[in-house]
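[1] from the sequence below, what's the structure:
(one chain, ligands or ions: 2)
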Amino acid sequence: MAVLVSPPSSLSSCGMKASPLWVLQLNTLINFGPITTQDFGIYILSLSHTYTHKFIKTCIYTVLISCSGVMDEYQKEMKQLSVRLLRLILSSLGLAREDLTKWVGPAGEFTQGATTALQLNSYPACPDPNRTMGLAAHTDTSMFTILYQSNTSGLQIFRDGFGWVSVPPLAGALIVNVGDLLQILSNARFPAVLHRAVVNRTNQRLSIAYFYGPSTETRIMPLSKLIGPGDPPLYRSLTWKEYIGIKAKHLYRALSLVRLQQLAPMNGSLDMNDQ
Ligand SMILES: O=C(O)CCC(=O)C(=O)O
Ligand SMILES: [Fe+2]
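    Numbering: from 1, shown residues only. Ligands and ions are numbered 1, 2, ... in the order given. Predicted structure coming up:
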């Protein structure tokens, strides 16, 4: 499990450095305990240091920290929640109990070799938010992402006919973003949500994204239950690893590159992927 502290591309026009506060926050979140070899995990913390809006310098810090503590607890909870969500989503798509095994694991536990990542985002306050962007518009590659946001708003999703709509933090609530993989499996019935994060004028904002995906060798394609004479598959079959590679290389175009049929634009994400 990798923990990534992502560099918000944000600080740009503010001429500020990434706040060391985040590292402090991380310390308190993670609850550093005595490090034992059996508990070791490698966590990559990357912080973006931006000095002017023309010059971005990113520093990658690699630190070893104990896996014990709050972060471990959080990941365990997210795993359990992911399995429950997956069951509900796939059942709603008509998958029978036995067909769930590939995705949820034989005993309903977490899929063997699932690819998961926890990403910690920090968006420092910016006195001139219109001149910068916290996180550029994108869809997540994952099956879905479970997102926690601190009590400062910043997340926006794109809705056809409305444009960018804010998703304000709600105490005690988590947000589930549909990712590219679920769009493929559901044959576009669950479209990946196009989203971005904007920065706040006065408050730093934190968010924690938990990305769920199956094991890298898993073959992904629209679920056969959803395919019929009037419902041709919209995406070709490929491994999850292949798709991750395509996304890394082609970003917004990835979904359209694995698409078999031309889709009428349904939402912002499809428009975006057509770019
Ligand atoms: O900070 C947010 O609200 C969004 C984070 C996000 O979209 C991501 O980490 O992929
Ligand atoms: Fe995202």
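[2] what residues does the stretch 151-275 of the chain put near ligand 1?
    154, 155, 195, 197, 207, 209 (Cβ under 6 Å from any ligand atom). Every residue, glycine included, has its C-beta placed from N, CA and C.
[3] so the fourth one sits against residue 207, correct?
    Yes - in this structure, residue 197 is within contact of residue 207 by Cβ atoms under 8 Å, at 7.1 Å.
[4] identify the contacts common to those two.
    Jointly contacting residue 197 and residue 207 under the rule Cβ atoms under 8 Å, 6 or more residues apart in numbering are 121, 123, 154, 155.
[5] ligand 1: which of these is nearest?
    residue 155 (3.6 Å; Cβ to the nearest ligand atom).
[6] list the contacts for the closest one?
    By Cβ under 8 Å, 6+ apart, the neighbours of residue 155 are 147, 149, 166, 167, 175, 195, 196, 197, 207.
[7] didn't the second one look like it was pressed against residue 206?
    Looking back up the chat, that one is residue 149. Yes - taking contacts as Cβ under 8 Å, residue 149 lies within contact range of residue 206: 7.5 Å.
[8] for residue 244, which three-state class applies?
    helix (DSSP: H, G, I helix; E, B strand; the rest coil).
[9] ok, it - contacts?
    Contacts of residue 244 (Cβ under 8 Å, 6+ apart): 115, 141, 213, 216.
[10] that older thread, with distance to residue 241 as added columns, please give the contacts of residue 155 in CSV.
    Output for the contacts of residue 155, formatted as CSV (distance: Cβ to Cβ, whole Å):
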residue, distance to residue 241
147, 24
149, 30
166, 35
167, 31
175, 27
195, 24
196, 27
197, 28
207, 27
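[11] would you turn the residues you listed into a markdown table with secondary structure and pLDDT?
    Shown next, in a markdown table, are the contacts of residue 155 (DSSP: H, G, I helix; E, B strand; the rest coil; pLDDT from 0 to 100):
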| residue | secondary structure | pLDDT |
| --- | --- | --- |
| 147 | strand | 96 |
| 149 | strand | 93 |
| 166 | strand | 97 |
| 167 | coil | 96 |
| 175 | strand | 96 |
| 195 | strand | 96 |
| 196 | strand | 96 |
| 197 | strand | 95 |
| 207 | strand | 91 |
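[12] counting neighbours, which of the residues you listed end up buried?
    147, 149, 167, 175, 195, 196, 197, 207 (16 or more other Cβ atoms under 10 Å).
[13] could you list the low-confidence segments of the stretch 151-275 of the chain?
    Within the stretch 151-275 of the chain, the set of residues satisfying pLDDT under 70 comprises 261-275.
[14] just the strands from it, written as ranges.
    155-159, 163-166, 175-178, 195-197, 205-213, 219-220, 238-239 (DSSP state E, counting those that start in this stretch).
[15] show me the one of these that comes nearest residue 91.
    strand 175-178 (15.6 Å; Cβ to Cβ).
[16] list the neighbouring strands of that closest one plus their orientation.
    strand 144-149 (antiparallel) (DSSP bridges).
[17] who's in contact with the partner strand?
    Identification of contacts with strand 144-149 by Cβ under 8 Å, 6+ apart yields 78, 81-82, 85, 89, 155, 169, 174-179, 182, 205-212.
[18] show me which of those residues are buried.
    The neighbour count (16+ other Cβ under 10 Å) marks 78, 82, 85, 89, 155, 169, 175-179, 182, 205-212 as buried among those.
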